[in-house]
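# Sequence and computational prediction follow.
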Amino acid sequence: MPDEVYVFREDWSLHPKGQEEKRRHQAKVKEAIQKRLVDLVHDESFILSDGKTIVKIPVQTLDEIHFRFDEGKNEHVGQGSGGTRSGDVVARGGADGGGGKGEAGDAPGVDYIEAEVSLEDVEAALFAEFVLPNLKPKGTPEDVSAVLRFNDLRKKGIWANLDKRRTMLNVLRRTQKGKAFEGGAALGSADDGGGFGGLQDGARPAASGRTPLQIHADDLRFRTWDDDVEPETRAVVLAMMDTSGSMGAYEKYMARVFYFWMTRFLKTRYARVERVYIAHHTEARVVDEATFFQKGESGGTICSSAYDLALKLIDERYPPERYNIYPFHFTDGDNLLQDHSRALERMRALVDRSNLVGYAEINHVSRRSTLYETLAQIESPAFRMVRLQDKTDLYSALKRFFSEHRRSGA
Amino acid sequence: MDTRRLRRADDDRALRTAIAEITEVAKGFGLDFFPMRFHIVPADVMYAIGAFGMPTRFAHWRFGKAYYKMKMQYDLGLSKIYELVINSDPCEAFLYEGNSLLQNKLIIAHVLAHSDFFKNNVYFAKTNRKMVDSMAASAERIRRYEIAYGEKRVEAFLDAVLAIQEHIDPYGTAREDGFWWERHLDGGSRAGGSTADRLKARFRAGGRVGDPGEHEAPRGRGETHKDARRPGDYADLWALVHDPPTRFPPEPEKDVLLFILRYSSVLQPWQRDVMTVVHDEMRYFWPQMETKIMNEGWATYWHQRIMRALDLSPEEAWEYAKMHAEVVQPSRATVNPYLLGWKLFEAIEALYDDPPEALYRRGVRSGSGREKIFEVRELGSDVSFLRNYLTKEVVEALDLFVYQKQGDDWRVATTDWEAVREALIRQRTNGGFPTIVVEDGDFERSGALLLRHVYDGLELDARYIEKTLPYVYALWGRPVHLLTVTCGKAVRFSYDGKAHTREPV
């Protein structure tokens, strides 16, 4: 007497459980990034690779906290393939718990997740906190540029616009699907397009071994575009740096990190961001990026020379009516004393012409230089000063520059 | 579209036929399972259910993490779940939609044995067989708390509760009837959550458990009894003068979660409700944790017997052999419960089919192997299963060994079968979790909570103690302490809401 057999094939597409949980989990990862921003900001792998690397951060908040045994001290049971004797090595472990225990999937100790963090993730978290203060409308309405945006995929299109990567992905996806579930061609083909039916009847891949990859018409993907018009916005960063003898590699790295994030941030707000590097000691000159960050020079410091050059560049090439101007000056504050009054006057002129002027002083002593005190007389929401002692200060420095309200210097 | 639907209908028809056939065979073997309901589901649903342990459980990022991990392994082709089965009546089983018919046959056989185990093993006797619905209801309540109090706040509270969720008394009835010692406080009246504060106040006021004269302490502490037995006419008065330090609770209490739920003075009603949800779910899952090796072994033993009884084509037999080999594949660093359990059941059966002299004399009939394994599946848990039936022969056949960290490397410490057995038993004791008890709920008369780790040779991870104590503090609202042993010495870890301390005792 056979019982009733119950088989259910319901529509699970509305079952949100897994996705909902993934969202909660990802919110946790985001939180972890937020907490580590101070360190991530000066992570060399971002700065030196120009942002193409992915950095792994251990996300400790994802740890499932409970009372647990100390796996490093305790005994475990394993299984060999015969003839195991005491003293045999099961796994070569690193210093950290069971981290290096080879194949052991759920082996003791492996209970933290390394979240992969890309530059975009860090930017998203970092820039969410930034604002661009003192925005002034620039340029005329004619300053528009026509843009072609490739922003859609279709199954039919011009061959020249074939998206090879996506097409191959589709081929692989289709062919591997059958294999992965071992059902072979017989069962796994439920999702295949109709055109592939021939393969099932003829060649059985399971029996004949490998079949060459075939690109089917259904796999093709073409990129298509929209015409887009966007008003052109331009910004220029006038990066000034003291290259006198007292600015070492560490100070330069700090400046580099700062300019890296600053440029990336400005790029999210402006269609075009130009950069001009001004190196100075007693004289200022425009240099290329590599020279700017690497080359050291000796001699004294006259800051006003850099400000002079910046003003000249603004007058000649970057009229404030058309450009959003961001001059930033990195120095150790060790300026020639007689130059202070002139530096102050020049700096005032710069502030008048610019959206935001930054003055960053990097040194290890915990007091302000006389130049800092002099420049602090400028009272304008477009002028901001900061002192950096350590690279962990970079994050707060960035935040101070890109915030709505001016706070007094450190 | 239409051809696909037709093919699907064909598949389902073939599956129904297979289910009917396998069910018959299984019943013929004497398996006794719940009515079965099979669901065919896509991969991500499979993983969602796997991560939650239940299709209807409340939401928490922990499950999201498990889901993420499983799904990633699946996407990378590292592992996949063929089947999931839920301890319920009727028994719900989930089959991955990409399974072939043959794979499904094996899985159905496997699942029927699980269902038989759920239905007949004594440890499952009190589990809630309508848990799918209960969990749906409690998930809904927790969802409402999230709306009322904010997702963050509920999540943070769940973090704290889940941190101590293993520390329950899985087979106790204190959730329904109150702790046994509570009856001696209140003239035997049932103590519900609402009376907790009153009870505690009574403690503070001096009402004592085990006070001679007032009640007969059923299992009072030694000291109390000594005083009570002091000879002389004024024994009762002496007892009052030499007031022995009273304990709250009178005996160490294993159900830490429930104790905090009933006696913490900082919990809101909704928080107590969340704790009861976690407590109920933990009680429901506990027998599965304690019978992992047996349950998987039983299912593996039976899918093999049943598949052998089916009429398989040569191709199917080959595919079956491959899949079975995958299921019982050994791994070097852990013991595969499917393999170990299966081999143990086979060893028991062989032993009782052809009992040696000693057993024979104790009345074991030859050929009683099948009968014996049914008895073992009814009465055993992993600990008793290993203690009674893991033999030298099995340990050697499977080449099991004990390994340990020596310097930087993990090395085999011994292959002695008794050492292997003891290490396995220790790992399976208390579901594999440390045993922690409430030693004193009013430590140093300050309302602090003193927990004690019942040390049996396995030390706790000190870093995790310091991470967990703040959660306990959040639940208890007063300083918390944990007694344990590290590096062979008794130590007390404390957390007072601000700082950790660690001192030798």
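Thanks, I have the structure now. Numbers count the residues shown, from 1 in each chain, chains lettered A, B, ... in the order given.
# Quick check, pLDDT for residue 321.
Reading this off chain A. Looking at A:Glu321, its pLDDT is 81.
# meant chain B actually
As predicted, B:Ala321 sits at a pLDDT of 93.
# Let me know the helix or strand that it is in.
According to DSSP states H and E, B:Ala321 maps onto helix B:314-327.
# And that helix, what's buried?
B:316, B:319-320, B:323-324, B:327 (16 or more other C-beta atoms under 10 Å in any protein chain shown). In short, each C-beta sits where N, CA and C put it, glycine included.
# Give me the helices and strands touching it, please.
helix B:101-120, helix B:292-309 (3 or more C-beta pairs under 8 Å, 6 or more residues apart in numbering or on different chains; DSSP states H and E).
# and chain A, which of those helices is closest to it?
helix B:101-120 (7.1 Å; C-beta to the nearest C-beta).
# got the angle for the closest one vs helix B:292-309?
Here the directions of helix B:101-120 and helix B:292-309 differ by 130 degrees (axes from the mean of the first three to the mean of the last three C-alpha atoms, to 10 degrees).
# Give me the domain ranges for the chain.
This is for chain A. Taking automatic domain parsing as the criterion, chain A consists of the domains A:1-65+A:111-128, A:151-225, A:233-401.
# could you do chain B instead?
Domain segmentation of chain B under automatic domain parsing yields B:321-429, B:434-504.
# Let's have those in JSON lines, adding distance to A:Gly300.
Below are these laid out as JSON lines (distance: least, C-beta to C-beta, whole Å):
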{"stretch": "domain B:321-429", "distance to A:Gly300": "54"}
{"stretch": "domain B:434-504", "distance to A:Gly300": "51"}
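# Figure out which of those is closest to A:Arg272.
Each of the domains of chain B has some distance to A:Arg272 by C-beta to C-beta; the shortest is domain B:434-504, at 49.3 Å.
# how distant is the closest one from the center of its chain?
Its chain's average C-alpha position is 22 Å from that of domain B:434-504, according to C-alpha atoms, centre = their mean, to the nearest Å.
# got a pLDDT number for B:Arg5?
At B:Arg5, pLDDT is 72.
# hang on, it in a helix?
Yes - counting by DSSP: H, G, I helix; E, B strand; the rest coil, B:Arg5 is part of a helix.
# Relative to B:Asp12, how far out is it?
For B:Arg5, the distance to B:Asp12 equals 10 Å [C-beta to C-beta, to the nearest Å].
# Those two: which is more packed in?
Neighbours were counted for B:Arg5 and for B:Asp12 using other C-beta atoms under 10 Å in any protein chain shown; B:Asp12 has more, 14 against 10.
# ok, that one touching A:Arg9?
Yes - counting by C-beta atoms under 8 Å, B:Asp12 does reach A:Arg9; the two are 6.7 Å apart.
# Can you give the contact residues for the helix or strand containing B:Arg175?
Using DSSP H and E, B:Arg175 sits within helix B:174-177. Outside helix B:174-177, the residues that touch it by C-beta atoms under 8 Å, 6 or more residues apart in numbering or on different chains are B:180, B:190, B:255, B:258, B:276, B:279-280, B:283.
# List every C-alpha atom in that helix, with coordinates, as PDB.
Extracted in PDB, the C-alpha atoms of helix B:174-177 (Å, rounded to 0.1, in the frame of the first residue of the first chain):
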ATOM      1  CA  ALA B 174      13.200  24.700  33.800                       C
ATOM      2  CA  ARG B 175      11.900  26.900  31.000                       C
ATOM      3  CA  GLU B 176       8.400  25.600  31.600                       C
ATOM      4  CA  ASP B 177       8.500  24.600  35.300                       C
END
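# Can you give me the buried ones in that helix?
Residues of helix B:174-177 classed as buried by neighbour count (16+ other C-beta under 10 Å): B:174-175.
# same check, this time on stretch A:239-253
A:239-244, A:246-247, A:251-253.
# now stretch B:33-47
Across stretch B:33-47, burial judged by 16+ other C-beta under 10 Å covers B:33-34, B:36-41, B:43-47.
# Show the average pLDDT along that stretch.
Averaged across stretch B:33-47, pLDDT comes to 87.
# follow-up on the earlier one: quick one: which of the domains of chain A has the weakest pLDDT on average?
Mean pLDDT per stretch puts domain A:151-225 lowest among the domains of chain A, at a mean of 61.
# contacts for stretch B:356-366?
Identification of contacts with stretch B:356-366 by C-beta under 8 Å, 6+ apart yields B:351-355.
# Could you rerun that using 6 Å?
For stretch B:356-366, contacts defined as C-beta atoms under 6 Å, 6 or more residues apart in numbering or on different chains pick out B:354-355.
# gap between it and the chain center?
So, by C-alpha atoms, centre = their mean, the centroid of stretch B:356-366 is 35 Å from its chain's centroid.
# ok, and for it, which residues are buried?
Neighbour counts over stretch B:356-366 (16+ other C-beta under 10 Å) mark B:Val364 as buried.
# ok so, going back, tell me which strands and helices the helix or strand following the helix holding B:Ala321 is in contact with?
Note on helix B:314-327: by DSSP H and E, the next helix or strand toward the C-terminus is helix B:337-353. Here helix B:337-353 touches helix B:292-309, helix B:369-379, going by 3 or more C-beta pairs under 6 Å, 6 or more residues apart in numbering or on different chains; DSSP states H and E.
# ok, and for helix B:337-353, which residues are buried?
Neighbour-count burial for helix B:337-353, counted by 16+ other C-beta under 10 Å, picks out B:337-349, B:351-353.
# can I get the CA coordinates of the helix or strand hosting B:Leu257 in PDB?
Assessed by DSSP H and E, B:Leu257 sits inside helix B:256-263. Extracted as PDB, the C-alpha positions of helix B:256-263 are listed here (Å, rounded to 0.1, in the frame of the first residue of the first chain):
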ATOM      1  CA  VAL B 256      23.300  30.100  32.200                       C
ATOM      2  CA  LEU B 257      21.100  31.600  29.500                       C
ATOM      3  CA  LEU B 258      17.900  30.800  31.400                       C
ATOM      4  CA  PHE B 259      19.400  32.000  34.700                       C
ATOM      5  CA  ILE B 260      20.300  35.300  33.200                       C
ATOM      6  CA  LEU B 261      16.900  35.500  31.600                       C
ATOM      7  CA  ARG B 262      15.100  35.000  34.900                       C
ATOM      8  CA  TYR B 263      17.300  37.000  37.200                       C
END
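# Get me the contact residues on the stretch 301-450 of chain B for chain A.
Contact residues (C-beta under 6 Å from any C-beta of the partner chain) of the stretch 301-450 of chain B with chain A: B:330, B:332-335, B:398-405, B:408-412, B:414-415, B:420, B:423-424, B:434, B:436.
# Return the members of the residues you listed classed as buried.
Those of these that meet the buried threshold are B:330, B:332-335, B:398, B:400-405, B:410-412, B:414-415, B:420, B:423-424, B:434, B:436, by 16+ other C-beta under 10 Å.
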